[in-house]
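[1] Okay, sequence plus prediction incoming.
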There are 2 protein chains.
Amino acid sequence: MQPKMTKRQFLQSIGAVSGVAAMYRSMNALGMASPVAAGTTQFQLTPGTGNGTRVAILGAGVSGLVAAYELSKAGYDCTVLEATDRAGGRNLTARSGDVIEEEDSRQWVDFDAEDHLYANLGPARLPYHHTTILGYCREFGVDLEVFTNDNRAAFFHNQDRFDGPVAARQVMTDTRGYIAELLAKAVNRNALDSELTGEDKELILNLLRRYGDLDPDDLYVGSSRGGHLGPHVHAGLAPGEVNDPLDLSQLLRSDFWQYKLHFSQFLDQNPTLLQPVGGMDAIVAAFTERVEPLIVYGSVVDEIRNTPDGVRIVFHTSHDSPDTTRAVAAVYGTYRGIIRALEADYAICTIPAPVLRDIPNDFSPATQSAIASIEFTNAVKIGFQAQRRFWEEDHAIYGGISWTDQDITQIWYPPYGYHRDKGIVVGAYIWDPEPGLRYSEMTPSDRLQAAIAEGELIHPGYGDEMESGVSRAWSKVRFQRGGWPQSYKPPARLTRPDGRIYFAGDQLSALPGWQEGAALAAHAAVAAIDERVRMGG
Amino acid sequence: MQPKMTKRQFLQSIGAVSGVAAMYRSMNALGMASPVAAGTTQFQLTPGTGNGTRVAILGAGVSGLVAAYELSKAGYDCTVLEATDRAGGRNLTARSGDVIEEEDSRQWVDFDAEDHLYANLGPARLPYHHTTILGYCREFGVDLEVFTNDNRAAFFHNQDRFDGPVAARQVMTDTRGYIAELLAKAVNRNALDSELTGEDKELILNLLRRYGDLDPDDLYVGSSRGGHLGPHVHAGLAPGEVNDPLDLSQLLRSDFWQYKLHFSQFLDQNPTLLQPVGGMDAIVAAFTERVEPLIVYGSVVDEIRNTPDGVRIVFHTSHDSPDTTRAVAAVYGTYRGIIRALEADYAICTIPAPVLRDIPNDFSPATQSAIASIEFTNAVKIGFQAQRRFWEEDHAIYGGISWTDQDITQIWYPPYGYHRDKGIVVGAYIWDPEPGLRYSEMTPSDRLQAAIAEGELIHPGYGDEMESGVSRAWSKVRFQRGGWPQSYKPPARLTRPDGRIYFAGDQLSALPGWQEGAALAAHAAVAAIDERVRMGG
């Protein structure tokens, strides 16, 4: 009888038949490989493999930049077509003097020109386990600092509950306290005797007393964890009284527990989170420093074609009409010395699905419908410059997030530039479909006004502190049309090439909206191309 | 009928009769004053009040420095007697070339000379609500960055449970999950019907499902919050399987829940915590920049006396014998041009109680027994220089703390210098009395060896990574004799002066071991002296 194949043997057999790229995907699915994550890219094609092979990369977002960087290192001849005049895609940091364009608006960023006065309008966090993107930060020397999600000084706000915003420390402490008290009661009433044996019963009571800071009668009557009455949150010169707990029934009727209360429990939002010092686009800058000569800016893709032994990407520069370009390119391939039909051996397409679906192509119907199936969120972010760091001065809030049940959803306090003059607050970060749509459809100045009005309920006098603002509604951005895929499950069809065209971007990962997903999808695509090349194309 | 006095009216009446200092303490006790904490000192004596009044300050730790700074600004003539050759007291940052002295040992700090290679051997954290000390950071321009307590990538380790260390994300997620599942069962069994009415019952079930990430049957079967199987902690390219939950019975039998699991729930350990960039002694440096001319280093206090209209502090320099100094000072007051008996109008004594109790004095018996009642902890910290940031490279641990049931208690990963070469790990932070005593009684080199051996159980190969180390057993330090007061309640007797001698230091606050307590106690002492001076002495 043949011994049962181990997981490792099975993987080796996949490796032998299907190659490294398939093994790479299978390891992920089977739960194998090293138990630790490493702060290094751990990705490397064999140098020289790609010599003589041309790859067209569509989009200079994070996925396109990663693909260009890795393929170039292995000798591939890459051209990156980027529709806009900048790299980074959704990795966008707004600073003094920047122009923020949407389909029907242009905003001038009127922040002061100081190195701590910027707003990350796209990704702003790097979870500790996003080791691919952190590995690039390490390799490129991008300085990192902590990004704070969970700040117990920040507020929870529900318009119908409590008398204004309440401190996170209070909401979280009281919730734990009530849960511990209720469970202790149930245990003491022997309601869980079928689950908890004698010794476990006493042990869980001990746990609950500490978990919820219960009193000697196993009741929750408030805790110093929720803060003290008096001039300080802390005890000060003599142990003082603690705040009264919030009413349980009101807590249950608030929306805090829907996810706000548990937000930093989510794996992607767990501490430690990091950010590049000075703005998220430091990552883009580190890549472009290495691959910028490969990027053709202002190249709008008009057609994506498989040819008998390669690919043809028809494009126009953003300065003239697509019809002209297409006509010229079809006949001549080039126009006034600029390549308008890029011929290559392979392509990696990172164009977001909501844009890609409208670009003429000869993909199979299955590919086309997979692309059409990817829906993006209506994400909106707003950045305000405040004349005074009132959150630090008045509330001792250093970074972190206040939550509200209003459309703006969140207010972020900058986790950088502590105690300096002025600061940039994220005055709205919206991703729920309806409020996202409401804010997306407003003019930029209406968005700012609306966000100020909502912020006033959390910080009275909020509007008076604000000097200028900028918003980004990602669904209104011409070459993006959305924030990120709504589904965590990328269509399987797109994990395989359509002819010689491979797909990438965060939309091809289970980490939608994360740069890590964009980088991993790029790795998968370049590994697959490299393998095919090594197998003889 | 006279209307009932409001709290504010009551305070105003205290202010009128007893003055500002009493009002300051009463506000703290009554739970009044502004509901928000401010990132500014909010403390200011009237400039010029102190002109002509001499104050002797005993000890140039944080409390003495704060007192000297505030009194000087108001015109007082201050002299700070400091027994050692440096200011800061327990605020001690070890760097390349420093000498760390204890009663029976001297250690040479053999770290590399790099700005990120230092160990804060005393205080290392600034909680967000410690607005007095943060206010000084703001006023003095001390740059701040985040200190991380709660890192879900760090480990929990119990020698008798599980198969080695387990990630904090798993321990925390599973504990929440089991608590939520058990409470949901009890609610579903109607065991809590007397506490939860119909609608609340459904609401709390909804809360628990989110709180613990329960499955559709209200069971906890693991959660993505605890991490995924596979090459990444995160989902990667396709949604994968999550880790199996830890066994509840083993969790209950571990020591995690005693306080380790709830550590960052404690008010003093809540996020956001901050630290000065480059070392905690940046705060000391900022103060000494302003008051250094007032400090007489190497001045060991031998006697503390009230005189008919002032105080006399007899001291010797650390270079000659106390007997000689005392004899000379008694007759001449000075010796070779150096003042040996400092005469002043008032004194502020910040000397730690375990040292103060042995200094001859004429305090009242009540004062003496109050001083004798303050017991200090045997706190021990160890710093190791690692040749490689293996915690980041191998485990994606960026700052934070691993916990163990061994004597070392904690391993801290540096929350600074991310991705740079080498790093300083806190290899032990001990405050429980017995392990504290065990480590205090070892020689410095034995401490390092013991801490390495314990660290190996959390990080195999730990010792091979370490290049050098330094330890600090605070109970073995001549002018400290301990880490901080064990009680959170300072003796009431010492909140009042003994004659013209006032007491300060963190030992006079409900924040033992915290610089905030030291600063608040200094404020209370200087406010009381200032008031007495304004009332005519």
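    Cool, got the structure. Numbering: from 1, shown residues only, chains lettered A, B, ... in the order given.

[2] Confirm for me that residue A:510 is in contact with residue B:230.
    No: taking C-beta atoms under 8 Å as the definition, residue A:510 is not a contact partner of residue B:230, at 10.7 Å. Placement of C-beta: from N, CA and C, glycine included.

[3] what sits in contact with each of these two?
    Common neighbours of residue A:510 and residue B:230, using C-beta atoms under 8 Å, 6 or more residues apart in numbering or on different chains, are B:236, B:240.

[4] ok, and the closest non-adjacent residue to residue A:490?
    In space, and not counting its chain neighbours, residue A:490 is closest to residue A:508: 4.9 Å by C-beta to C-beta, 6 or more residues apart in numbering or on different chains.

[5] Kindly tell me how buried the one you found is, as a neighbour count.
    29 (other C-beta atoms under 10 Å in any protein chain shown).

[6] Can you name the residues that contact it?
    Per C-beta under 8 Å, 6+ apart, neighbours of residue A:508: A:490, A:494, A:495, A:517, A:521, A:524, A:525, B:237.

[7] For chain B, what's its nearest residue on the stretch 201-350 of chain A.
    residue A:229 (3.0 Å; C-beta to the nearest C-beta).

[8] Compute the number of surrounding residues for residue A:219.
    13.

[9] I figured it hits residue A:181, correct?
    Yes: using C-beta under 8 Å, residue A:219 makes contact with residue A:181 at a distance of 5.7 Å.

[10] All the strands of the stretch 351-500 of chain A, residue numbers only.
    A:380-386, A:401-404, A:410-412, A:423-430, A:466-473 (DSSP state E, counting those that start in this stretch).

[11] Over the first one, what's the mean pLDDT, rounded is fine.
    Per-residue pLDDT values across strand A:380-386 average out to 98.

[12] tell me what it is packed against?
    Helices and strands touching strand A:380-386, by 3 or more C-beta pairs under 8 Å, 6 or more residues apart in numbering or on different chains; DSSP states H and E, are strand A:423-430, helix A:433-441, helix A:444-456, strand A:466-473.

[13] Please find the angle between the direction vectors of it and helix A:444-456.
    For strand A:380-386 against helix A:444-456, the angle between stretch directions is 70 degrees (axes from the mean of the first three to the mean of the last three C-alpha atoms, to 10 degrees).

[14] where does strand A:380-386 sit relative to the chain's centre, distance-wise?
    Mean-position distance between strand A:380-386 and its chain equals 17 Å (C-alpha atoms, centre = their mean, to the nearest Å).

[15] do stretch A:136-148 as well
    That offset, for stretch A:136-148, works out to 16 Å (C-alpha atoms, centre = their mean).

[16] hey, C-alpha coordinates of it in PDB?
    C-alpha atoms of stretch A:136-148 as PDB (Å, rounded to 0.1, in the frame of the first residue of the first chain):
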ATOM      1  CA  TYR A 136      10.500  46.700   0.400                       C
ATOM      2  CA  CYS A 137      10.500  49.500   3.000                       C
ATOM      3  CA  ARG A 138      13.400  47.800   4.700                       C
ATOM      4  CA  GLU A 139      15.300  47.100   1.500                       C
ATOM      5  CA  PHE A 140      14.800  50.700   0.300                       C
ATOM      6  CA  GLY A 141      15.400  52.400   3.600                       C
ATOM      7  CA  VAL A 142      12.000  53.900   3.900                       C
ATOM      8  CA  ASP A 143      11.800  55.200   7.500                       C
ATOM      9  CA  LEU A 144       8.800  54.000   9.500                       C
ATOM     10  CA  GLU A 145       6.900  55.100  12.500                       C
ATOM     11  CA  VAL A 146       3.800  53.900  14.300                       C
ATOM     12  CA  PHE A 147       0.300  54.500  13.000                       C
ATOM     13  CA  THR A 148      -2.300  54.500  15.800                       C
END
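
[17] May I see the buried residues of that stretch?
    A:136, A:137, A:138, A:140, A:142, A:144, A:145, A:146, A:147, A:148 (16 or more other C-beta atoms under 10 Å in any protein chain shown).

[18] Kindly report the same for stretch A:219-232.
    Result for stretch A:219-232 [16+ other C-beta under 10 Å]: buried residues A:220, A:222, A:223, A:224, A:225, A:226, A:227, A:228, A:229, A:230, A:231, A:232.

[19] So what's the gap between it and the chain middle?
    Offset of stretch A:219-232 from its chain centre (C-alpha atoms, centre = their mean): 35 Å.

[20] Please save the CA atoms from that stretch in CSV.
    C-alpha atoms of stretch A:219-232 as CSV (Å, rounded to 0.1, in the frame of the first residue of the first chain):
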residue,chain,number,x,y,z
LEU,A,219,-20.3,43.1,39.8
TYR,A,220,-19.1,45.7,37.4
VAL,A,221,-19.5,49.1,39.1
GLY,A,222,-17.0,51.1,37.0
SER,A,223,-13.2,50.8,36.8
SER,A,224,-10.2,53.1,36.9
ARG,A,225,-9.5,51.7,33.3
GLY,A,226,-12.4,54.0,32.2
GLY,A,227,-10.8,57.1,33.8
HIS,A,228,-11.2,59.1,36.9
LEU,A,229,-13.4,62.0,37.9
GLY,A,230,-11.4,65.1,38.5
PRO,A,231,-8.9,67.3,36.8
HIS,A,232,-7.0,64.4,35.3
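
[21] any idea of the mean pLDDT for it?
    pLDDT averaged over stretch A:219-232 gives 93.

[22] same question, stretch A:47-66
    96.

[23] Dihedrals phi and psi, the closest residue to residue A:70 other than its chain neighbours?
    Closest residue to residue A:70 apart from its sequence neighbours, by C-beta to C-beta, 6+ apart: residue A:526 at 5.0 Å. For residue A:526, the backbone dihedrals (degrees, to the nearest 10) come out as phi -70, psi -30.

[24] Need the pLDDT of residue A:526.
    With respect to pLDDT, residue A:526 scores 98.

[25] repeat for residue A:163
    Value listed for residue A:163 in the pLDDT field: 89.

[26] hang on, it in a strand?
    No: Residue A:163 is assigned coil when assessed by DSSP: H, G, I helix; E, B strand; the rest coil, not a strand.

[27] Could you measure from it over to residue A:250?
    Per C-beta to C-beta, to the nearest Å, residue A:163 is found 10 Å from residue A:250.

[28] Could you check which of the two is surrounded by more residues?
    Neighbours per residue (other C-beta under 10 Å) separate residue A:163 from residue A:250, with residue A:250 holding more: 13 against 5.

[29] gap between that one and residue B:47?
    48 Å.

[30] quick revisit: which ones among the buried residues of stretch A:136-148 come in contact with chain B?
    A:137, A:138, A:144, A:145, A:146, A:148 (C-beta under 8 Å from any C-beta of the partner chain).

[31] residue contacts, the third one?
    So that's residue A:144. With C-beta under 8 Å, 6+ apart, residue A:144 has these contacts: A:126, A:134, A:137, A:274, A:275, A:276, A:277, B:398, B:418, B:419.

[32] Is it bridged to anything, and to what?
    Note on residue A:144: beta-bridge partners residue A:276, judged by DSSP bridges.

[33] Go through stretch A:376-396 and flag the buried ones.
    Buried-residue list, stretch A:376-396, by 16+ other C-beta under 10 Å: A:376-386, A:389-396.

[34] Quick one: end-to-end length of it, please.
    37 Å (C-alpha to C-alpha, to the nearest Å).

[35] ok, residue A:189 - contacts?
    Residue A:189 touches residue B:191, counting by C-beta under 8 Å, 6+ apart.

[36] Distance check, it against residue A:218.
    Applying C-beta to C-beta to residue A:189 and residue A:218 gives a distance of 11 Å.

[37] Up against chain B, what does the stretch 401-537 of chain A have?
    A:415, A:418-419, A:488-490, A:495, A:508-511, A:516-517, A:520-521, A:524.

[38] again, only this time at 10 Å
    Taking C-beta under 10 Å from any C-beta of the partner chain, the part of the stretch 401-537 of chain A that reaches chain B is made up of A:413, A:415-420, A:487-490, A:492, A:495, A:508-512, A:514, A:516-517, A:520-521, A:523-524.
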